[in-house]
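In: using only what follows, build the 3D model:
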Amino acid sequence: MHGFTEVLPSTTSLLADLSLLTTPFMINALIAGTLIAMAAGTIGYFVLLRDQAFATHAIAHIGFPGATLAALLFINPIWGLLVACVGGGLAIGAFGHRKGDREVVTGTILAFASGLGILFASIGSRQSGMVTNILFGNILAVSQDQLVIFGVITVIVLIAMVITGRQLMFCSIDPEVAAAKGIPVRALSTIFLICMSLVIAISVTVVGVLLIFALLVTPAATAIKITARPAAVVAIATSISVVSVWAGLIVSTYQPWPPSFIIVTIACTIWAVTPLYTRYRDKRTTPAALPTPAPSPDLV
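Out: Residues are numbered from 1 along each chain as shown. Take a look at the predicted model:
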């Protein structure tokens, strides 16, 4: 009987924790996380294909001064984040269209934007909590209005990738040949940068500026280790993102840890163990080597 009374509180606590998943703020977080994961999984493949992983990190930081300035002007920070990310992405595309100049341009714009972010954050003493949310993410604070914005952006990004995906892939692999065949390489690059910037802006609400790489790049990098087929890479990357977000939110109901930390940890853990899976799969699928025949006695 004593053992039963010890188990009963933990069971009650478990049910109470599970009931948190049905609260409005948690439902908003699950919906927002799913929308963002879908967009991030799709964009992530093209980010790697175009070798723009550093740009994702930079654009997220460029969005920081936009959000802090918006807060100073009593505007919803998400709008400042969106404008700054898109503006930063277009600036990187305009000044760094040559591959050799891209990293220098990206780093320079990143440094200037970071300086502005520090300035705006120091001016607005009342926005310390908002700055923390931008840097580290706070998916549990997503509102209904933000959900609408996330939904619209996700639909726009997915439609744009479906329409331009095949040509964008060609441009990413061999831009010179694509241009010679009449494909609008610059226009497609601009469309991609806008879509990528929009996805980065909404992803900041989940994992923050400092951890954006893990949601936008890591799932796609994991998927590429598993398969080389573009559609399969996008599907696997999206699945990893969704699983990471959902599992992170569920675990956060039992542990007093930030959801962004758990989400990133899950995504990175999947990335780390994937080579073990691919090695095992390759061993299973590779036919065993035939034994070397013994030399014929007549030839000895």
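In: gap between the closest residue to I109 other than its chain neighbours and R102?
Out: Spatial nearest neighbour of I109, excluding adjacent residues (C-beta to C-beta, 6 or more residues apart in numbering): A91 at 5.6 Å. Backbone N, C-alpha and C define where each C-beta goes, glycine included. Relative to R102, A91 is positioned 12 Å away (C-beta to C-beta, to the nearest Å).
In: okay, now the unreliable bits of the stretch 1-150 of the chain?
Out: Across the stretch 1-150 of the chain, residues meeting the criterion (pLDDT under 70) sit at 1-21, 96-101, 124-131.
In: look through this protein and tell me its longest helix.
Out: helix 144-173 (DSSP state H).
In: which ones are touching N138?
Out: For N138, the contacting residues are 132, 205, 208, 258, 260, by C-beta atoms under 8 Å, 6 or more residues apart in numbering.
In: please save the CA atoms from the strand or helix carrying W246 in PDB.
Out: Taking DSSP states H and E as the criterion, W246 maps to helix 230-252. Extracted in PDB, the C-alpha atoms of helix 230-252 (Å, rounded to 0.1, in the frame of the first residue of the first chain):
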ATOM      1  CA  PRO A 230      16.200  16.100 -53.400                       C
ATOM      2  CA  ALA A 231      12.500  15.300 -52.600                       C
ATOM      3  CA  ALA A 232      13.600  12.700 -50.000                       C
ATOM      4  CA  VAL A 233      16.100  15.200 -48.400                       C
ATOM      5  CA  VAL A 234      13.400  17.800 -48.100                       C
ATOM      6  CA  ALA A 235      10.900  15.300 -46.600                       C
ATOM      7  CA  ILE A 236      13.500  13.900 -44.100                       C
ATOM      8  CA  ALA A 237      14.700  17.300 -43.100                       C
ATOM      9  CA  THR A 238      11.100  18.500 -42.500                       C
ATOM     10  CA  SER A 239      10.400  15.400 -40.500                       C
ATOM     11  CA  ILE A 240      13.500  15.900 -38.300                       C
ATOM     12  CA  SER A 241      12.500  19.500 -37.700                       C
ATOM     13  CA  VAL A 242       8.900  18.600 -36.800                       C
ATOM     14  CA  VAL A 243      10.000  15.800 -34.500                       C
ATOM     15  CA  SER A 244      12.600  18.100 -32.800                       C
ATOM     16  CA  VAL A 245      10.100  20.800 -32.200                       C
ATOM     17  CA  TRP A 246       7.300  18.600 -30.900                       C
ATOM     18  CA  ALA A 247       9.600  16.400 -28.800                       C
ATOM     19  CA  GLY A 248      11.200  19.600 -27.400                       C
ATOM     20  CA  LEU A 249       7.900  21.100 -26.400                       C
ATOM     21  CA  ILE A 250       6.700  17.800 -24.800                       C
ATOM     22  CA  VAL A 251      10.000  17.400 -22.800                       C
ATOM     23  CA  SER A 252       9.800  21.000 -21.700                       C
END
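In: quick one: average confidence on it?
Out: Across helix 230-252, pLDDT averages out at 91.
In: so it versus helix 144-173, what angle?
Out: Note on geometry: by axes from the mean of the first three to the mean of the last three C-alpha atoms, to 10 degrees, helix 230-252 and helix 144-173 are set 150 degrees apart in direction.
In: check which helices and strands helix 230-252 sits against.
Out: Where contact means 3 or more C-beta pairs under 8 Å, 6 or more residues apart in numbering; DSSP states H and E, helix 230-252 is packed against helix 24-49, helix 218-226, helix 259-285.
In: alright, I will stop here.
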